[in-house]
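Enquirer: Predicted structure and sequence below. I'll ask about it afterward.
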Amino acid sequence: MAKSEKAEKAPQAQNAGAASNPQPQLKKLCDNIYVFYSPTNAGVAAFKAPDGVAELYFVDACETVEDAKKLMDACGREFGDFRLKAVIFTHAHADHIGGAAWLKQKTSCQIWASQAEKSCAETPQIQAQAFYGGDPIPEIDIPYFHAPQVFVDRVIAAGQKISVGGGPGDGGLEFEFVALPGHSLEMLGILTAAGGKKVFFSGDGIFGRHMLNRFWTPFIIDIKAFKESILRVEKIKADYYVPSHGESYERIEELCELNLISTLSNEKFIEGLLNEPRTLEDLLKLFCDKSGIKLKPSQFMLIGGTLRSYLTYLYKEGRAKWYFEENKMYWKAL
């Protein structure tokens with residue numbers, strides 16, 4: 001879930017992957033690890049089973065069933081016969097798991113997710129209701145915010161490692177899970193090892209250059225945690241880094257810096273708007289007016305939620321206060 005709206009143009013970052021707005025395609029990054037470029041990227045990790053059939057593990061399940069079908073078709077062309085063993089969720093926002101129920105029904109694969117994201121996948125109406133703050137209007141209760149229900153077979157957690165097929169030293173794979181909260185409750189980055197190479201699927205722990213050029217204010221539920229996750233990604237050692245939206249990278253330092261610049265600039269921008277008392281509605285209008293954003297229902301919900309997250313962060317940091325006057329809640333910088 002990355003989309004809000006473009007607030008200002010981001011500077012350039014190092015790109016070492018696909019085109020900035022890729023069409024659905026399967027690209028090999030290194031032996032046994034691939035990325036399927038689509039509106040929401042999916043990772044593919046594979047190894048040959050003793051019977052000679054490729055066994056596959058997906059990282060996320062694409063935004064739609066249509067894209068999940070294209071992913072399966074691409075894998076058929078690449079591997080011939082294959083078995084999909086599991087889909088591993090970075091997090092359970094609908095644009096990442098829209099194809100999961102269909103994949104599970106078609107292949108009987110397992111679904112792996114963290115505990116908090118399991119709750120969202122199994123009770124998908126939570127997402128639109130939480131973003132909206134109540135029963136959502138029909139214009140928001142749409143597939144982008146409300147994925148088909150899918151049940152999780154295995155709960156995974158940050159710090160855990162899982163080896164399959166004998167592990168990377170014996171022709172198999174290893175998955176290591178890294179805590180990346182901030183954009184979602186219990187999002188996990190997935191460091192995937194095969195042979196002598198590693199690929200880090202970062203979910204929405206950081207956003208790609210093209211995504212930030214389009215949407216300088218991405219959706220965030222916890223500003224402090226998101227900043228910490230960016231710094232955690234920067235320390236990950238891998239041969240390739242794959243955000244969920246946009247291109248892949250061979251270097252990550254510049255992209256982490258760009259994500260921090262985005263977060264800090266939005267933080268300072270919002271703090272500056274609090275030079276006088278303002279209600280949330282006043283702040284939302286000012287933020288969008290000054291950023292050149294024309295609100296639609298989805299942007300109203302996503303930017304409004306992100307704005308609340310920044311206000312909470314500023315309040316917890318002792319940089320803003322809130323109070324009620326004539327039954328209106330006001331915010332003011334300290």
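Expert: Sure thing, it's come through.

Enquirer: and the closest residue in space to residue 90 that isn't next to it in sequence, bridged to which residues?
Expert: Using CB to CB, 6 or more residues apart in numbering and skipping residues adjacent in sequence, the residue nearest residue 90 is residue 203, 3.0 Å away. For glycine as for every other residue, the C-beta is placed from the backbone atoms N, C-alpha and C. Judged by DSSP bridges, the bridge partners of residue 203 are residue 243.

Enquirer: again with residue 332
Expert: Counting by DSSP bridges, residue 332 is bridged to residue 321.

Enquirer: what's it in contact with, if anything?
Expert: Residue 332 sits next to 274, 276, 277, 278, 320, 321, 322, 323 when contact means CB atoms under 8 Å, 6 or more residues apart in numbering.

Enquirer: I figured the residue nearest to residue 90 was touching residue 88, is that so?
Expert: No. Here residue 203 lies out of contact with residue 88, judged by CB atoms under 8 Å, at a distance of 10.4 Å.

Enquirer: Quick check: buried residues in the helix or strand harbouring residue 43?
Expert: In this structure, residue 43 sits in strand 42-48 according to DSSP states H and E. Residues of strand 42-48 classed as buried: 42, 43, 44, 45, 46, 47 (neighbour count, 16 or more other CB atoms under 10 Å).

Enquirer: out of these, which one sits closest to residue 284?
Expert: Proximity of these to residue 284 (CB to CB) peaks at residue 42, which lies at 33.4 Å.

Enquirer: Let me know the distance separating the closest one from residue 212.
Expert: Noted for residue 42: a distance of 21 Å to residue 212, by CB to CB, to the nearest Å.

Enquirer: Can you tell me, leaving aside adjacent residues, what's nearest to the residue nearest in space to the middle of the chain?
Expert: Per CA atoms, centre = their mean, the C-alpha nearest to the average position across the chain is that of residue 204, at 2.6 Å. Counting by CB to CB, 6+ apart, residue 204 lies nearest to residue 183, which is 4.3 Å off, once chain neighbours are set aside.

Enquirer: Hmm, residue 167 is touching residue 173, no?
Expert: Yes. Residue 167 lies in contact with residue 173 (CB under 8 Å); the separation is 7.3 Å.

Enquirer: Which parts of the stretch 1-150 of the chain are helices?
Expert: For the stretch 1-150 of the chain, applying DSSP state H, counting those that start in this stretch gives helices covering 65-79, 94-97, 100-107, 115-122, 125-132.

Enquirer: got a markdown table for these, with mean neighbour count and mean pLDDT too?
Expert: Converted to a markdown table, the helices of the stretch 1-150 of the chain look like this (neighbours: other CB atoms under 10 Å; pLDDT from 0 to 100):
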| stretch | mean neighbour count | mean pLDDT |
| --- | --- | --- |
| helix 65-79 | 18 | 97 |
| helix 94-97 | 26 | 96 |
| helix 100-107 | 20 | 98 |
| helix 115-122 | 20 | 96 |
| helix 125-132 | 18 | 87 |
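
Enquirer: The helix or strand containing residue 175 packs against which elements?
Expert: Using DSSP H and E, residue 175 sits within strand 173-179. Contact here means 3 or more CB pairs under 8 Å, 6 or more residues apart in numbering; DSSP states H and E; on that basis strand 173-179 packs against strand 42-48, strand 161-164, strand 188-194, helix 223-234.

Enquirer: try 6 Å this time
Expert: Here strand 173-179 touches strand 161-164, strand 188-194, going by 3 or more CB pairs under 6 Å, 6 or more residues apart in numbering; DSSP states H and E.
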